[in-house]
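Asker: give the three-dimensional model of this entry:
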Amino acid sequence: MKEQSEPLYIYGRQPVIEALRSGHPVYKLWMAAGLSGSGVGPIKKLAEGRGIRVQTVHKNQLQKFVGAVVHQGVAASVPPPQFLADAEVDAILNAKKNPLILVLDQIQDPHNLGAIIRTAEISGTDLIAFAEKGTAKLNATVVKTSAGAVFYQKFYQASHILSILDKLNERGIQTLALAPGAETLMYDAPLKQGVALVIGSEGRGLRKNVERQCSGRIAIPQFGRVNSLNASVATAIVLFEALRQRKKQD
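Answerer: Model (predicted):
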């Protein structure tokens, strides 16, 4: 793992529950005085099981940690999600017969990134990869939008996205650019095999040099008059098409 030292202040009941449930380290855990309702009991029970003390504070004090957000009366200090080292990525590629991978090209909206991570974790994606620059940081907003899925997902970061694609292409993994207008529809794409789905940014989509580096291009069929889908929605559609094909194969 590549270490990141700065603590991350997360908020919201579900993200905190998942941080505790996943075994992710938790430095400190705060709960607003008099808090009740859904999630409070599980948080206390999970924290007790891990030997983590719940510190009771006034709800306004939580804002000092997490800022002007809806924190639901719960916050925690945790180490940020870690990135896999090259050797760890190689181990995943060696162990998985048909890995399912996402490569993200400059997804800059943390809400979109969080939604993508949430869908990726639910769909069993083995790895999410992106470049060091141009992609939203794995911050508290991403954690909240992902509903805590970041604590289960594996991440890989390289200096440039082209080096990620080179690595996958050399291993014989199909790198398929999700590109509106591509001749091959996702239904006809070989998603049962080891595949990396390459997703472009919210505004301009995939950059041309990234698209050229991919081994193929696929499209989601569209019948309406709006000419594009939100990046996280498009990712969800194609991921679950991959699952459909793999389920059918099984």
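
Asker: CA atoms for contacts and neighbours, from now on please.
Answerer: OK.

Asker: mind listing what's buried along the worst-scoring helix or strand of the chain on mean pLDDT?
Answerer: Of all helical and strand segments in the chain, the minimum by mean pLDDT, DSSP states H and E falls on helix 59-66, at a mean of 88. For helix 59-66, burial by neighbour count (16 or more other CA atoms under 10 Å) applies to 59, 62-63, 65-66.

Asker: let me know the outermost residue of the chain.
Answerer: Centroid-distance maximum for the chain: residue 34 at 33.2 Å, with CA atoms, centre = their mean.

Asker: so that one, which state does it fall into?
Answerer: Under DSSP: H, G, I helix; E, B strand; the rest coil, residue 34 falls in the coil class.

Asker: tell me the pLDDT of it.
Answerer: Note on residue 34: pLDDT of 90.

Asker: got it, and residue 5?
Answerer: 64.

Asker: okay, now the unreliable bits of the protein?
Answerer: Scanning the chain for pLDDT under 70 picks out the ranges 1-5, 225, 227, 249-250.

Asker: mind jotting down where the strands sit in it?
Answerer: 8-11, 28-32, 54-57, 74-78, 83-84, 100-104, 127-131, 155-158, 174-178, 195-199, 216-218 (DSSP state E).

Asker: dump these to JSON lines, plus distance to residue 233.
Answerer: Formatted as JSON lines, the strands of the chain follow (distance: least, CA to CA, whole Å):
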{"stretch": "strand 8-11", "distance to residue 233": "24"}
{"stretch": "strand 28-32", "distance to residue 233": "33"}
{"stretch": "strand 54-57", "distance to residue 233": "37"}
{"stretch": "strand 74-78", "distance to residue 233": "28"}
{"stretch": "strand 83-84", "distance to residue 233": "24"}
{"stretch": "strand 100-104", "distance to residue 233": "14"}
{"stretch": "strand 127-131", "distance to residue 233": "16"}
{"stretch": "strand 155-158", "distance to residue 233": "20"}
{"stretch": "strand 174-178", "distance to residue 233": "12"}
{"stretch": "strand 195-199", "distance to residue 233": "11"}
{"stretch": "strand 216-218", "distance to residue 233": "15"}
